[in-house]
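Undergrad: When you get a sec, could you give me coordinates for this:
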Amino acid sequence: MNQSIKLYSYWRSSAAYRVRIALALKHLEYETHGVHLMRDGGEQHLPAYLELNPQGFVPTLRDGERMITQSMAIIEYLEETRDHPALLPNGARERAFVRAVALAIACDIHPLNNLSVQQFLESEFGIDEAQREVWIQHWLARGLAAVERMLDNNIALGRFVGGEGPGMAECFIVPQLYNARRFNLQLDAYPRLVAIDAACTALPEFQAAHPDNQPDRPPI
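TA: The predicted structure is shown next:
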């Protein structure tokens, strides 16, 4: 069954990065189908891809005949259909907290800095690269500060958000810190997030999912 999984991905997409981490943590083999978000105006806008994902975003996961979009929905689907190893803790409160961290990133940080938003700001308001970085850093700093406070208030926090092993929350945290470094945000104010990120990036599953290790990454 694992061989039937295909991930429509872009090497530097943080949403696709999340799903790659989840697939790696679940030890699932899959085929990568690259969707280049910049080439020729963006392959995500081609009619053939819009048939798969009407929003024109990545990732899209094909599992047999099932087509699933949105990174959170994909990760929840993997958790429900391949229950080991688990990406969510056992308790209802703990599971809710992990989801809250993931959604704070997926819904409140990432959308404001998504490629489509950056392109709109450039085309409609003429912002330059420096102004774009100010915009991105502002929303990253505000959002990550809130997540850091959430972690401070989580008395059940172990080495990772859900306990002693990485799971759903880390699928979202690691790509977002990758983005933060990419856009030159200083991370000294987020020691819990940085520690979680460091613990994750030492693991082979996270290394396999890293943007630099993807088959669709352009040659340097």
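Undergrad: show me the contacts for Pro111.
TA: Val117 (Cβ atoms under 8 Å, 6 or more residues apart in numbering). All C-beta atoms are positioned from the backbone trio N, CA, C, and that covers glycine.
Undergrad: Low-confidence regions, this structure specifically.
TA: 1-3, 155-157 (pLDDT under 70).
Undergrad: Strands of that one, start to end?
TA: Remark: strands assigned in the chain by DSSP state E are 5-9, 31-34, 60-63, 66-69.
Undergrad: The first one pairs with which strands, parallel or anti?
TA: I take that to be strand 5-9. Take DSSP bridges as the rule and strand 5-9 pairs in its sheet with strand 31-34 (parallel), strand 60-63 (antiparallel).
Undergrad: For those strands, please prepare TSV with the additional fields mean neighbour count and distance to Pro175.
TA: TSV is the format used below for the strands paired with strand 5-9 (neighbours: other Cβ atoms under 10 Å; distance: least, Cβ to Cβ, whole Å):
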stretch	mean neighbour count	distance to Pro175
strand 31-34	16	16
strand 60-63	22	16
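Undergrad: Distance to Glu148 added to these, as CSV?
TA: Listed next are these as CSV, based on distance: least, Cβ to Cβ, whole Å:
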stretch, distance to Glu148
strand 31-34, 32
strand 60-63, 30
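Undergrad: among those strands, which is nearest Leu87?
TA: Checking the strands paired with strand 5-9 against Leu87 by Cβ to Cβ gives strand 60-63 as the closest, at 14.7 Å.
Undergrad: now that closest one, how far from the chain's geometric center?
TA: 16 Å (Cα atoms, centre = their mean, to the nearest Å).
Undergrad: ok, and what's touching that strand?
TA: 4-8, 19, 52-53, 67-69, 74, 77, 81.
Undergrad: Tell me how many other residues crowd Asp128.
TA: Asp128 has 8 neighbouring residues, counting by other Cβ atoms under 10 Å.
Undergrad: send the alpha carbons of the lengthiest helix in the chain over as CSV?
TA: Counting by DSSP state H, the longest helix found in the chain is helix 129-152. Written as CSV, here are the backbone C-alpha positions of helix 129-152 (Å, rounded to 0.1, in the frame of the first residue of the first chain):
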residue,chain,number,x,y,z
GLU,A,129,12.9,42.8,-1.4
ALA,A,130,13.8,44.7,1.8
GLN,A,131,10.2,45.7,2.4
ARG,A,132,9.1,42.1,1.8
GLU,A,133,11.6,40.9,4.4
VAL,A,134,10.2,43.4,7.0
TRP,A,135,6.7,42.1,6.4
ILE,A,136,7.8,38.4,6.7
GLN,A,137,9.9,39.0,9.8
HIS,A,138,7.1,41.0,11.5
TRP,A,139,4.5,38.2,11.2
LEU,A,140,7.0,35.4,11.9
ALA,A,141,8.2,37.2,15.1
ARG,A,142,4.7,37.9,16.3
GLY,A,143,3.5,34.3,15.7
LEU,A,144,6.6,32.5,17.0
ALA,A,145,6.5,34.6,20.2
ALA,A,146,2.9,33.4,20.8
VAL,A,147,3.9,29.8,20.2
GLU,A,148,6.8,30.1,22.5
ARG,A,149,4.4,31.4,25.2
MET,A,150,2.1,28.4,24.5
LEU,A,151,5.0,26.1,25.2
ASP,A,152,6.0,27.9,28.4
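Undergrad: Fine, thanks again, bye for now.
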